[in-house]
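> Got a predicted model here, sequence first, then my questions.
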4 protein chains.
Amino acid sequence: MAKDKEASKRYPLAAYNGGERTVVDVGGVAVGDGSFTVIAGPCAAEAGESLYKTAAAVRDVGASIFRAGTYKQRTSPYSFSGLGKDGLELLMKIKEMYGIPVVTELTSESRLKYYSGVDLIQIGARNMQNFDLLRAVGRQKKPVLLKRGFGCTVDELLLAAEYILSGGNDAVILCERGIRTFVGSSGATLDIAAVPYLKRITHLPVIVDPSHAAGSADLVAPLALAAAAAGADGIIIECHYNPSKAILDARQTITPDELREIVSKCAQIRKIIS
Amino acid sequence: MAKDKEASKRYPLAAYNGGERTVVDVGGVAVGDGSFTVIAGPCAAEAGESLYKTAAAVRDVGASIFRAGTYKQRTSPYSFSGLGKDGLELLMKIKEMYGIPVVTELTSESRLKYYSGVDLIQIGARNMQNFDLLRAVGRQKKPVLLKRGFGCTVDELLLAAEYILSGGNDAVILCERGIRTFVGSSGATLDIAAVPYLKRITHLPVIVDPSHAAGSADLVAPLALAAAAAGADGIIIECHYNPSKAILDARQTITPDELREIVSKCAQIRKIIS
Amino acid sequence: MAKDKEASKRYPLAAYNGGERTVVDVGGVAVGDGSFTVIAGPCAAEAGESLYKTAAAVRDVGASIFRAGTYKQRTSPYSFSGLGKDGLELLMKIKEMYGIPVVTELTSESRLKYYSGVDLIQIGARNMQNFDLLRAVGRQKKPVLLKRGFGCTVDELLLAAEYILSGGNDAVILCERGIRTFVGSSGATLDIAAVPYLKRITHLPVIVDPSHAAGSADLVAPLALAAAAAGADGIIIECHYNPSKAILDARQTITPDELREIVSKCAQIRKIIS
Amino acid sequence: MAKDKEASKRYPLAAYNGGERTVVDVGGVAVGDGSFTVIAGPCAAEAGESLYKTAAAVRDVGASIFRAGTYKQRTSPYSFSGLGKDGLELLMKIKEMYGIPVVTELTSESRLKYYSGVDLIQIGARNMQNFDLLRAVGRQKKPVLLKRGFGCTVDELLLAAEYILSGGNDAVILCERGIRTFVGSSGATLDIAAVPYLKRITHLPVIVDPSHAAGSADLVAPLALAAAAAGADGIIIECHYNPSKAILDARQTITPDELREIVSKCAQIRKIIS
């Protein structure tokens, strides 16, 4: 691991050198400006009324960016892989109807052309070291949400960010989402120390995904609050107006009511630690 | 991992069944009663004025239990292994002078007889599955602080607690202190999700050791605050009146001033989440 | 992990059902036919005489397929990333001059058109879950060498293979190359048990990369021999006519003389275990 | 991890400096002399005829040391914890009847006095850092089999050995038995690279426990053969005359016929690699 004084050599563009920190503008929402940003929505965009209901609900309880998967990364080729382009169109409608910026994952450079209306492009954990994809999102100007691979170090995360930054795009948000360990009592092991470590090393905003780390709904709130207490700039969280109807990740999806409480408590914690 | 409904079968004495939670009385300090307990002191008891200075300082900034190693577990046989009995005597003086309960680690049943004045007996991470030692502290009545082994699951931690409880001692405090993973950016990977997971499964108090997980002083406070936010009942933290003079773990030892801020912020966070 | 009886449901195309095992034809070399295949060459194709010298040397000592990186996956954007197309041309010359089939890594579907002369397409560890890339190599007929991601389970490896198989390409060779653990005494932790486990579950050939797992040259031979003893169908190994001149991975690169001994001993071990 | 040149400083007694390697005499059986030693027997000593049958069987198929647990380390206090002293007496009878040296685990210094007839004292994985116990076996002269903790590094294993050696007992055999990782397809992840790494660093004999690493009987033989190929001096293996009747670890226990084949193949592999 690079020592702080070596960081500016190893990560010339991502390293924090004591000056101002990067604030990323996501469709009018500032991430990394000292406030605590909540991104929420279902794992996957769903057809019908469902997505609208969830979008309205998460906006009403205080989330400021809406998330929903469209092209999903699935471990098995036989699993549902998202609505694809139809999902992207749904997101555009939601953006228009509810005035909330949207984030969704990009899994291939070839589909980048469909993402013109998306406010924040997510690079998923499994693609954190897909260097061609990193270069592709580095050549354009939309903000990028870069998730840490579950088998990757923070050093590798910073170097992946460097791929994007060195292409000319300096709007990168880092996301810790849990790593692979021997532990089976949660979905993944949230590397909570990575948050303050990253804040020391880099000027980029750092958020946390408590949902995948939790693996079950009752652990989501404690992890979200821990993220706020550890100094994260926000969270990205799986929420559905009716979790039992969520097509994917139902087990770890929370309700809008639960989200409301998280939004409120995280904001309070953020004030205490500032 | 045992499902909640199976917990009472697997951990008949440790499982939480919806009733009252255990509050452990440590020399007059209640652990697990809804307040946030701060245990602090140096890694190892030191001769001379040093230990007194640190004890006075940590008490003054709000710690309610004093910690200091006497018989130390050292990876190498050639490392300093603590002051032993002299250290225990120093602890007794501090208890008398400053009116603060004390905790120190026990590494062998053969030395239990020297621990009559100790308020809380610590079983260290390396001894979490030293079943003879667990049985020994289960046969006596002093409260036990049981640290999770860095290679052990929470299931194993609960079963280790069960060894103590089944001997007739129900005053057990569990402690998460970080596990071994591929991550090198902190001392160990704090399994922060273990805190709410344990609170769901067991009625025993759960505290966190942010110092060993951090591995460097600047990460201690964020981890301590995260522990409070995740629902821990307290923390055990390495603090020295002058960290640069600490014989052991100097790198991750914080100052009394840093501790004061942690005590204050953790108490505030605890109120928010209650 | 899927139980054997469940394997054919979870991996309908990759599961072994007791019949014949897949033998993959790599430019005339049969992989998985009961013999032990040695793939060798430098980490990265180099300009000048170097690559020819190494190719001649590895062929002479008994390797039957030549490996060399052309488009390299590098953790940092500032590291040497291979000769690219020039490297592919060098490989074509070597194939012609020495009559040895060649394998090199493909990192983007957009470059697949340049790989017409390549005998075996490698999907690297970092791309094991790049599902678009898997689908791309599944739609063509060249054999694929699929390396296990260092943070991925064998279940995920089999499902990644299923992506390729379900596209119509049944010529897939699996490769174990070490996983991420807390161990720092070797480059990665070779999951040697994955070899017999995979042979039980799937009909696909399984090879081992001892070089990345070793991380230092003196551990390569013991790991290569262990792979043969555990039932692997072959190895892929970093070898250079003069390791100290290798541009990449010099530390773990072995000499042709060391390779000769490995080839001979692995063949003998293979006979013993058959 | 200590570099080779630093090894003699870090492990003054265990480090290999190029001279002769330690050969440990276990009741007349030389371990570490270039031959491959097979230690076998059931997980736990059982009452009745069972233990005799297994002892006769493993001796007949070529094992040279008999193993059986007497005081067992069990994760739960409610599990069977061995026959204790009765088990030790059974071992003494077997030693007399079949003329085979015996090894069994010691879990507390207080019971050392009962082990006078035991030829090799095992320190289990969970006690690898029970430093009082290490010092206790270091103060006596019987050979010690020191198993690596599943969460411990090889550096810590060598330092644990140093505890024993520095007490005056130089008859220590190291044992790799698998570590904790995210992998679930085997009982533990056998760190096969630890074998050649240890042989480089230390003069002590190194053996492997393939049974706990395998976790299922069909993976035991491949791991045993891999151990021989990687340069181990022997194996310790769970075998029962009728595995389905084994009280403990039945799932990973092999038959005498399977053991016979392992003994024969390991001996052949040992010759090849010498």
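Noted; the coordinates are in hand.
> any idea what sits nearest residue A:21, other than its immediate chain neighbours?
In space, and not counting its chain neighbours, residue A:21 is closest to residue A:203: 4.6 Å by CB to CB, 6 or more residues apart in numbering or on different chains. Backbone N, C-alpha and C define where each C-beta goes, glycine included.
> The one you found against residue A:22, yeah?
Yes. Assessed by CB atoms under 8 Å, residue A:203 is found in contact with residue A:22 at 5.0 Å.
> Helices of the stretch 101-250 of chain A, start to end?
A:131-138, A:154-165, A:194-201, A:210-214, A:217-230 (DSSP state H, counting those that start in this stretch).
> Tell me if the longest one is near chain B.
Okay, so that is helix A:217-230. Yes. Contact of helix A:217-230 with chain B (CB under 8 Å from any CB of the partner chain) involves A:218, A:219, A:222, A:223, A:225, A:226, A:227, A:228, A:229, A:230.
> Report the separation between the nearest residue to the first one once chain neighbours are set aside and residue B:18.
Excluding the flanking residues, the one nearest residue A:218 by CB to CB, 6+ apart is residue B:200, at 6.5 Å. Here residue B:200 is placed at a distance of 11 Å from residue B:18 (CB to CB, to the nearest Å).
> Next, see if the helix or strand of chain A with the lowest mean pLDDT gets close to chain B.
Comparing helices and strands within chain A by mean pLDDT, DSSP states H and E singles out helix A:4-10 as the least confident, with a mean of 86. No. Judged by CB under 8 Å from any CB, helix A:4-10 stays clear of chain B, getting no closer than 9.6 Å.
> quick one: buried residues of that helix?
When neighbours are counted by 16 or more other CB atoms under 10 Å in any protein chain shown, the buried residues of helix A:4-10 are found to be A:7, A:10.
> which residues sit against that helix?
Helix A:4-10 is contacted from outside by A:2, A:15, A:16, A:17, A:155, A:158, A:159, A:200, A:201, A:202, C:76, using CB atoms under 8 Å, 6 or more residues apart in numbering or on different chains.
> Surely the last one and residue A:159 touch.
Yes. In this structure residue C:76 lies within contact range of residue A:159 using CB under 8 Å: 4.7 Å.
> These two: which is more packed in?
residue A:159 (25 against 18; other CB atoms under 10 Å in any protein chain shown).
> any residue of stretch A:185-195 up close to chain B?
Yes. Counting by CB under 8 Å from any CB, contacts between stretch A:185-195 and chain B involve A:185, A:186, A:189, A:190, A:191, A:192, A:193, A:194, A:195.
> can you pick the most crowded of these?
Going by other CB under 10 Å, residue A:192 tops those with 34 neighbours.
> Show the contacting residues for that one.
Counted by CB under 8 Å, 6+ apart, residue A:192 has contacts A:176, A:208, A:226, A:227, A:230, B:190, B:192, B:222, B:223, B:226.
> So what's the residue count around the last one?
Neighbour count of residue B:226, defined by other CB under 10 Å: 33.
> show me the contacts for it.
Contacts of residue B:226 (CB under 8 Å, 6+ apart): A:192, A:226, A:227, A:229, A:230, B:190, B:192, B:210.
> try 7 Å this time
Shown in contact with residue B:226 (CB atoms under 7 Å, 6 or more residues apart in numbering or on different chains): A:192, A:226, A:229, A:230, B:192.
> Give me the nearest residue to the most centrally placed residue in chain A, chain neighbours excluded.
Residue closest to the average C-alpha location in chain A (CA atoms, centre = their mean): residue A:236, at 4.8 Å. Leaving aside its sequence neighbours, residue A:236 sits nearest to residue A:39 (CB to CB, 6+ apart; 4.1 Å).
> For that neighbour, the count of nearby residues, please.
Every residue meeting other CB under 10 Å relative to residue A:39 is counted, giving 29.
> Is it in a helix, a strand, or coil?
Here residue A:39 is strand, with the state taken from DSSP: H, G, I helix; E, B strand; the rest coil.
> That one is in contact with residue A:103, isn't it?
Yes. Between residue A:39 and residue A:103 there is a contact under CB atoms under 7 Å: 6.1 Å.
> Now do the shared contacts for the two.
With CB under 7 Å, 6+ apart, residue A:39 and residue A:103 have common neighbours A:65, A:67.
> Just the buried ones out of the contacts of helix A:4-10, please.
Members of these classed as buried by 16+ other CB under 10 Å are A:2, A:15, A:16, A:155, A:158, A:159, A:200, A:201, A:202, C:76.
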